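[1] Just the structure for this:
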Amino acid sequence: MLDTLQRQAFDYFPTYTHPRTGLVADTSRPGAPASIAVVGFALSAYPVGVERGWIGRDEAVGHCLDVLRFFAGSDQSGAVDATGWRGFYFHFLNSETGLRAWASELSSIDTALLIMGMLTAAAYFDAATPAETELRKLANTLYERVNWNWSEHDDDAVALGWKPECGFLNYGWQGYSEAIVLYALGLGAASHRLTAASFEAWTVTYQWENIYGIDFLYAGPLFMHQFSHAWIDFRGIRDRFMHEKDCDYFENSRRAVQVQRQYAIRNPRGFSGYGQDCWGLSAGDGPSVEPKVVAGRRQAFYGYAARGVPWGPDDGTLNGACMVASLVFAPEIALPALRKLVAEASPGARAVHASGVNATAGGEMAWISEGEFGLDQGLMVLMIENFRSGLLWRLTRSIPCLRAGLLRAGFTGGWL
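    Residues are numbered from 1 along each chain as shown. You can find the predicted model right below:
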């Protein structure tokens with residue numbers, strides 16, 4: 001089952017990659033722009049594809065080089081129709097031209113996910129061939145080009161993004177989230193690095209909660225507990241905050257999965273299908289249909305939203321990718337839920353790969369999101385592989401700048 005799901009998810013990347021720029025579409029829907037974060041997942045997925053025999057090594061290197069060469073030569077002027085500025089990139093790009101799409105922001109986290117993919121590919125493709133040597137050189141150059149410190153613009157808080165029309169967005173990173181990989185990369189750079197104070201400024205906004213008798217570092221949507229873990233092995237390494245809580249971020253994600261399951265069992269809002277083997281609220285697509293009466297109240301449906309537990313938003317929409325990504329943390333919980341979802345899904349396990357499934361909104365048949373989202377597919381490829389072999393975690397332990405960044409953030413113990 002896992003081999004089939006992982007291969008189906010991997011196939012998204014060669015299928016939806018532009019043949020010239022190497023950029024990867026955000027979704028499989030016609031006309032979708034490229035997402036720089038999805039490119040980061042693609043770059044990390046190619047080593048998995050090579051190891052599993054799904055793609056030849058030379059072909060995978062070719063895909064990686066296409067997009068690395070594109071970014072190396074991209075417009076870094078910061079203009080409204082550029083590709084990026086100061087080493088950061090706009091969240092969405094036109095796949096054909098590589099220029100900014102949808103008036104999107106210069107994104108700190110999406111740039112970090114892109115760079116993490118570059119460094120992962122560089123760690124895997126380590127042969128002394130001209131192509132792999134060029135790949136490694138480009139990845140390092142693009143990483144060092146990022147002016148991480150520039151994003152630390154307001155009392156040590158790292159900004160979520162910047163727009164040429166208005167400058168920095170009015171909010172920075174607050175509360176635990178997927179941004180931990182951003183801080184690790186930003187702190188590990190040889191120049192233009194984040195300050196150690198920026199990491200402390202972020203962790204003081206953390207929210208430690210006890211929910212359903214479970215103590216954990218709160219973040220509502222499940223992807224926030226998963227994205228950084230696709231690359232970084234947090235087992236046994238702790239920063240100051242986790243030392244004080246006698247926990248680590250991996251154990252914290254395991255507890256977050258337990259909280260999600262307990263919420264679904266309790267099902268306080270009375271949605272169809274929720275239960276011990278049917279859970280998983282995260283960011284993703286959802287139905288945009290007329291409200292209906294659910295458990296005696298008028299229930300609206302939110303379309304694309306970052307759904308979370310236990311305080312919502314929640315409209316009955318679940319995400320299969322976050323369930324798959326929970327395998328590494330709590331297989332005894334995730335495997336039965338995944339088997340149930342596959343057994344009940346339409347041919348090809350479409351509900352697993354879809355960005356959202358909603359049994360409440362769909363009437364006789366569950367509503368299933370149209371197409372596939374690249375972030376979902378990438379998360380599934382990487383987390384299934386970490387569950388099966390730990391490949392991504394082994395690769396990233398060998399990346400000097402990532403190790404340096406974690407140490408500067410105060411992490412100790414374990415493989416560090």
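
[2] which residues in the stretch 101-250 of the chain form strands?
    In the stretch 101-250 of the chain, strands defined by DSSP state E, counting those that start in this stretch lie at 106-107, 152-154, 157-158, 161-163, 167-168, 208-211, 214-217, listed in chain order.

[3] got the contact list for residue 102?
    Neighbouring residues of residue 102 by C-beta atoms under 8 Å, 6 or more residues apart in numbering: 33, 92. For every residue, glycine as well, the C-beta is placed using N, CA and C.

[4] most tightly surrounded among the strands of the stretch 101-250 of the chain?
    strand 106-107 (a mean of 26; mean count of other C-beta atoms under 10 Å).

[5] Residues contacting it, please?
    Here strand 106-107 makes contact (C-beta under 8 Å, 6+ apart) with 36-37, 78, 84-85, 88-91, 160-163.

[6] Just among the residues you listed, which is most surrounded?
    residue 90 (31 neighbours; other C-beta atoms under 10 Å).

[7] nearest residue to it other than its sequence neighbours?
    Excluding the flanking residues, the one nearest residue 90 by C-beta to C-beta, 6 or more residues apart in numbering is residue 100, at 4.2 Å.

[8] ok, now how distant is that neighbour from residue 211?
    40 Å (C-beta to C-beta, to the nearest Å).

[9] what's the helix or strand hosting residue 49 packed up against?
    Taking DSSP states H and E as the definition, residue 49 sits inside helix 36-52. Applying 3 or more C-beta pairs under 8 Å, 6 or more residues apart in numbering; DSSP states H and E, one finds that helix 36-52 contacts helix 2-10, helix 12-15, helix 57-72, helix 108-124, helix 374-388, helix 391-397.

[10] now it and helix 2-10, what's the angle there?
    For helix 36-52 against helix 2-10, the angle by axes from the mean of the first three to the mean of the last three C-alpha atoms, to 10 degrees is 140 degrees.

[11] For helix 36-52, could you pull out the residues that count as buried?
    36-50, 52 (16 or more other C-beta atoms under 10 Å).

[12] Name whatever forms a beta bridge with the residue nearest to residue 90.
    residue 93 (DSSP bridges).

[13] average model confidence for stretch 199-210?
    The average pLDDT for stretch 199-210 rounds to 96.

[14] which residues are contacting it?
    With contacts defined as C-beta under 8 Å, 6+ apart, stretch 199-210 is touched by 155-158, 173-176, 179, 183, 187, 215-218, 239-241, 245, 408-410.

[15] likewise stretch 176-183?
    Residues contacting stretch 176-183 (C-beta under 8 Å, 6+ apart): 108-109, 112-113, 116, 158, 173, 194, 198-199, 202, 206-207, 217-219, 223-224, 226-228, 231-232, 249, 405, 409.

[16] Quick check: end-to-end length of it?
    For stretch 176-183, the first-to-last residue distance is 12 Å (C-alpha to C-alpha, to the nearest Å).

[17] cool, and stretch 84-104?
    Length of stretch 84-104, first residue to last, C-alpha to C-alpha: 11 Å.

[18] Okay, now the sheet partners of the lowest-mean-pLDDT helix or strand in the chain, with direction.
    In the chain, the helix or strand scored least confidently by mean pLDDT, DSSP states H and E is strand 152-154, which has a mean of 84. Paired with strand 152-154 in the same sheet, following DSSP bridges, are strand 157-158 (antiparallel).

[19] Distance from the strand it pairs with to the middle of the chain?
    20 Å (C-alpha atoms, centre = their mean, to the nearest Å).

[20] before we move on, what about stretch 227-240?
    14 Å.

[21] Tell me the span between the first and last residue of it.
    21 Å.

[22] again with stretch 314-327
    OK, stretch 314-327 end separation, C-alpha to C-alpha: 23 Å.

[23] What about the spatially closest residue to residue 18 that is not a sequence neighbour, how many residues nearby?
    Leaving out its chain neighbours, the residue that sits closest to residue 18 by C-beta to C-beta, 6+ apart is residue 95, at 4.3 Å. Per other C-beta under 10 Å, the neighbour tally for residue 95 reads 23.

[24] With residue 292 instead?
    Neighbours of residue 292 under the rule other C-beta under 10 Å: 12.

[25] List the residues that contact it.
    Residue 292 neighbours (C-beta under 8 Å, 6+ apart): 298-299, 360-361.

[26] And it, how far from residue 266?
    According to C-beta to C-beta, residue 292 and residue 266 sit 21 Å apart.

[27] Give me the buried subset of the contacts of stretch 199-210.
    156-158, 173, 176, 179, 183, 187, 216-218, 239, 241, 245, 408-410.

[28] Low-confidence regions, the protein specifically.
    For the chain, the stretches with pLDDT under 70 are 346-348.

[29] Show me the residue at the heart of it, geometrically.
    Central residue of the chain (C-alpha atoms, centre = their mean): residue 227, 3.8 Å from the mean position.

[30] Enumerate every residue touching that residue.
    Contacts of residue 227 (C-beta under 8 Å, 6+ apart): 113, 178, 181, 379.

[31] biggest separation within these, which pair?
    181 and 379 (12.9 Å; C-beta to C-beta).

[32] ok, back up a step: export the contacts of strand 106-107 as CSV, with columns for distance to residue 66.
    Below are these laid out as CSV (distance: C-beta to C-beta, whole Å):
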residue, distance to residue 66
36, 15
37, 18
78, 24
84, 17
85, 22
88, 21
89, 16
90, 19
91, 20
160, 29
161, 26
162, 27
163, 28
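
[33] Compute the distance between the residue lying farthest from the centre of the chain and residue 363, please.
    In the chain, residue 296 marks the outermost C-alpha relative to the chain mean, sitting 36.1 Å out by C-alpha atoms, centre = their mean. Distance of residue 296 to residue 363, computed by C-beta to C-beta: 19 Å.

[34] Next: residue 267.
    Distance, residue 267 to residue 363, using C-beta to C-beta: 19 Å.

[35] More neighbours: which of those two?
    residue 267 (17 against 11).

[36] Grab the nearest non-local neighbour of that one.
    Once flanking residues are discounted, residue 267 sits nearest to residue 274: 4.2 Å by C-beta to C-beta, 6+ apart.

[37] I'd say that neighbour and residue 260 touch.
    No: using C-beta atoms under 8 Å, residue 274 is not in contact with residue 260; the gap is 10.4 Å.

[38] That'll do, ta.
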